[in-house]
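Q: fold the following and give me the result.
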Amino acid sequence: MIKDLGSYIKSRRKNIGMTQKELAQRAFVTITTVSRWETGANQPDLESFVIICDVLGMQIADFIEDDVERATKEASVKFLKEEVIDSIAALQENARLKTELENLKRQQLK
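A: Next comes the predicted model:
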């Protein structure tokens, strides 16, 4: 499912002042199950996920949008790093060619 889903659940639950016990009761699961979701040991099945969203007053899209936004940022950073590396390589190649050209000019002047 979604990376870091447990931290989303825990954060939202705490923000609305709900205990693990209250969430467990409203989601028809045990406190241990809620704890495992929040620590990332397990993830809720789809039915439980829908109930969690309802109980915590969130839309399923809220979880997905945050995950997509994070993935987009990670992809952008990766792309920029690759561009910087390519630019440095191109600059190094240009410097090497410039040095070769200067050496050839010196040899022709001799």
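
Q: which elements pack onto the helix or strand of the chain with the lowest mean pLDDT?
A: Ranked by mean pLDDT, DSSP states H and E, the weakest helix or strand in the chain is helix 60-109, scoring a mean of 81. If you count contacts as 3 or more CB pairs under 8 Å, 6 or more residues apart in numbering; DSSP states H and E, helix 60-109 packs onto helix 5-15, helix 46-55. For the C-beta atoms, the positions are set from N, CA and C on the backbone; glycine is no exception.

Q: of those, which approaches residue 91 most closely?
A: Ranking those by their distance to residue 91 (criterion: CB to CB) puts helix 5-15 first, at 41.2 Å.

Q: what residues does the helix or strand following that closest one touch?
A: Taking DSSP states H and E as the definition, the helix or strand that follows helix 5-15 towards the C-terminus is helix 20-27. Identification of contacts with helix 20-27 by CB atoms under 8 Å, 6 or more residues apart in numbering yields 9, 13, 30-31, 33-35, 38, 44, 48, 51-52, 55-56.

Q: buried sites along the next helix or strand after helix 20-27?
A: Under the assignment DSSP H and E, the closest C-terminal helix or strand after helix 20-27 is helix 31-39. Of all the residues in helix 31-39, those buried under the rule 16 or more other CB atoms under 10 Å are 33, 34, 36, 37, 38.

Q: could those residues be laid out in a markdown table, adding distance to residue 71 and pLDDT?
A: Supplementary listing: the buried residues of helix 31-39 in a markdown table, determined by distance: CB to CB, whole Å; pLDDT from 0 to 100:
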| residue | distance to residue 71 | pLDDT |
| --- | --- | --- |
| 33 | 27 | 97 |
| 34 | 26 | 97 |
| 36 | 24 | 96 |
| 37 | 21 | 95 |
| 38 | 22 | 95 |
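
Q: greatest separation within the residues you listed: which pair is it?
A: With distance counted by CB to CB, no two of the buried residues of helix 31-39 lie farther apart than 33 and 38, which are 9.8 Å apart.
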